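Undergrad: I'll drop the sequence and a predicted model, then ask my questions.
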Amino acid sequence: MKTINFLFVLLFSTSLFAQTKLTKKEIKELPNTIENEFKKAYGLSNTWKEYKMIPRNEFVVFQKRVLDSVAILRNEIVARQNIVDSQKKEIAYLNDNINKVSNDLTSSQNKENQINVLGIATNKTTYNMFTWSLIGILLLALIFFISKFKSSNILTKKAKNNLSEIESEFETFRKKSLEKEQKLRRQLQDEINKQRGV
């Protein structure tokens, strides 16, 4: 109620200063706004010394119109406040949805950047580095073993060649030894025969 009285006094005082000289007919034809109601009340009132006198029935009409205008303004304020409240709720709902979508996006990006290896979540970069390192190590090991195999194969071939040469030399030596032995036995037999025949 104090607010209404304050509005009433404020509007009445501002309208007094804004009064311009209008005829009574022009004053009556003004549109029905709070400001114009003050102008009508002031313009249609009688003057007695320095006071303005408003007839009672005019004051009651004036009061009714001002209260109606205030009620309309209150209804507008309430309606606009309801709109603001509903917009705040909608903004809060949209912010919650944005946060949810943002969290889902972050979760999806994390899942996209991870690979499950034996039930362990591993970062793709780490997995790729590990995989390529393992492939590199296996390739190096393969190259190492191939080179070892080739060098061993070369050594084995040399050893086989040497063995066959040694075997042939040994066979030659054995034949020569047999021949020498047979020769020596003959000579020994000849000497034994010589000694007996003496």
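TA: Everything's here; your move.

Undergrad: For Ile91, see how far away the spatially most central residue of the chain is.
TA: Here the mean C-alpha position of the chain is nearest to the C-alpha of Thr106 (CA atoms, centre = their mean), at a distance of 3.8 Å. Distance, Thr106 to Ile91, using CB to CB, to the nearest Å: 22 Å. Every C-beta, even on glycine, is put in place using the N, C-alpha and C of the backbone.

Undergrad: So Lys52 lies in a strand, does it not?
TA: Yes. Applying DSSP: H, G, I helix; E, B strand; the rest coil, one finds Lys52 inside a strand.

Undergrad: Spatially nearest residue to it, not counting backbone neighbours?
TA: Spatial nearest neighbour of Lys52, excluding adjacent residues (CB to CB, 6 or more residues apart in numbering): Ser45 at 4.3 Å.

Undergrad: re the thing from before, which is the next helix or strand following the helix or strand hosting the residue nearest to the centre of the chain?
TA: Using DSSP states H and E, Thr106 falls within helix 56-112. The C-terminal neighbour of helix 56-112 among helices and strands, as given by DSSP H and E, is strand 114-117.

Undergrad: for that following strand, packing partners?
TA: Applying 3 or more CB pairs under 8 Å, 6 or more residues apart in numbering; DSSP states H and E, one finds that strand 114-117 contacts strand 120-123, helix 124-197.

Undergrad: Using CSV, please lay out these together with distance to Arg74 and mean neighbour count.
TA: What follows is the helices and strands packed on strand 114-117, written out as CSV (distance: least, CB to CB, whole Å; neighbours: other CB atoms under 10 Å):
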stretch, distance to Arg74, mean neighbour count
strand 120-123, 60, 12
helix 124-197, 63, 10
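
Undergrad: ok so, going back, for Ala121, see how far away the residue nearest to the centre of the chain is.
TA: From Thr106 to Ala121 the distance is 15 Å (CB to CB).
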